[in-house]
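Participant: next come a sequence and a model predicted from it.
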Amino acid sequence: MGHSHTHNHHHTHHDLKGRNLFISILLNILITAAQVIGGIVSGSLALLSDALHNFSDVLSLVVSYVANKLAKKEASFHRTFGYKRAEILAAFINASTLIIVAILLIIEAVKRFQNPEEIESNLVIWLSLLGIVANGLSVLLLKKDSKSNMNMKSAYLHLLTDMMASIAVLIGGLLMKYYQVYWVDSVLTFAIALYLIWMGYDLLKTSTKVLMLFTPDDIPIKQIVAEINAFESIKNVHHVHVWQLNEEEIHLEAHIDFKNDITLSQFDVILHKIEDLVFNKYDINHVNIQPEFGKDDAKDVIVQD
């Protein structure tokens, strides 16, 4: 059996991600406390809904922070993969909370639209400005890592939607102050909620696929099998599994039936060629091959275990 893998440790980068997440947590606690008080005093549902969203962000950022710390822990006999999936799980939880919060906001927005109330717009305006500044800073802190890490992307999306929500609340506050259009508070809440669902759905779908061990969308298994089958000494490639463990690792597992009863050193040469092929063309960096000769087993590419 052949097994190849690569390890990339970026402790400094991990520490920087953790620091940025911690700063974002503190900023969101500040925003949440201010908006809850302001929402109660002003009577603004949009401000309270933004506060609820910010509170969900505090929880999601804490989840992301803990996952980021866990991901650095070493593997052990009881946890042979370590906590490498902690960040994927965090992304799934955070995407789920985005959608749940959005549904709650829609319900409240419909109720308030039917019975609009007068709102203290000056407080709404100032607190929305606080939200824009604090969330904007958090967004800038996490933007770089959000492009390459699903967990950081989930935290980034929470904060980005917060900033957009605060902008919407500011616009609503200005309209209420100068035009007394109080129903706009409910309309903006509804719009914020729809935006949350739109942003959360894709991340929820992606993280679910990883947790369910689905084949990554950009990995063409049939093509890979055909290319490996083209090796002169290989008779058949079957029992194939391809899955994504986390952001950095894609695994390929397969049984290979050889035409001749080759030696272990001959198998190693072929294994290295397979590793180079799948890594260079498909970014698969963990390869686990079970070599066989004349074994009586199912020869289908995909076999139900």
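Facilitator: Thanks, I have the structure now.

Participant: contacts, neighbours, all on C-alpha from now
Facilitator: Fine.

Participant: count of neighbours near Gln114?
Facilitator: Using other CA atoms under 10 Å, Gln114 has 10 neighbouring residues.

Participant: pLDDT at His9, what is it?
Facilitator: His9 is assigned 45 on the pLDDT scale.

Participant: in the protein, which spans are helices?
Facilitator: Under the criterion DSSP state H, helices of the chain are mapped to 11-42, 45-70, 86-114, 121-146, 150-179, 184-211, 221-229, 264-282.

Participant: now render these as CSV, adding distance to Ala298.
Facilitator: Below are the helices of the chain laid out as CSV (distance: least, CA to CA, whole Å):
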stretch, distance to Ala298
helix 11-42, 44
helix 45-70, 39
helix 86-114, 33
helix 121-146, 42
helix 150-179, 36
helix 184-211, 26
helix 221-229, 15
helix 264-282, 21
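
Participant: the ones you listed: which one's closest to Asn246?
Facilitator: Closest to Asn246 of these is helix 86-114 (CA to CA; 6.6 Å).

Participant: quick one: list the elements packing against that closest one.
Facilitator: On a contact count with 3 or more CA pairs under 8 Å, 6 or more residues apart in numbering; DSSP states H and E, helix 86-114 meets helix 45-70, helix 150-179, helix 184-211.

Participant: give me the buried positions along that helix.
Facilitator: 86-103, 105-106, 108-109, 112-113 (16 or more other CA atoms under 10 Å).

Participant: hang on, the earlier thing: quick one, which of the helices of the chain is nearest to Leu252?
Facilitator: Ranking the helices of the chain by proximity to Leu252 (CA to CA) places helix 264-282 first, at 8.7 Å.

Participant: and the angle from the closest one to helix 221-229?
Facilitator: Orientation check (axes from the mean of the first three to the mean of the last three CA atoms, to 10 degrees): helix 264-282 against helix 221-229 gives 140 degrees.

Participant: what packs against helix 264-282?
Facilitator: On a contact count with 3+ CA pairs under 8 Å, 6+ apart, helix 264-282 meets strand 2-4, strand 286-292.

Participant: Throw these into JSON lines and include distance to Thr32, mean neighbour count and mean pLDDT, thanks.
Facilitator: Formatted as JSON lines, the helices and strands packed on helix 264-282 follow (distance: least, CA to CA, whole Å; neighbours: other CA atoms under 10 Å; pLDDT from 0 to 100):
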{"stretch": "strand 2-4", "distance to Thr32": "47", "mean neighbour count": "14", "mean pLDDT": "50"}
{"stretch": "strand 286-292", "distance to Thr32": "43", "mean neighbour count": "19", "mean pLDDT": "96"}
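
Participant: quick one: closest of those to Ile125.
Facilitator: Nearest to Ile125 among those is strand 286-292 (52.8 Å), distances taken as CA to CA.

Participant: partners of the closest one in the sheet?
Facilitator: strand 2-4 (antiparallel), strand 250-258 (parallel) (DSSP bridges).

Participant: ok now that strand, how far from the chain's centre?
Facilitator: Taking CA atoms, centre = their mean, to the nearest Å, the mean C-alpha location of strand 286-292 is offset from the chain mean by 30 Å.

Participant: and what of stretch 260-267?
Facilitator: Distance, centroid of stretch 260-267 to centroid of chain: 42 Å (CA atoms, centre = their mean).

Participant: burial count for Ser148?
Facilitator: By other CA under 10 Å, the residues close to Ser148 number 12.
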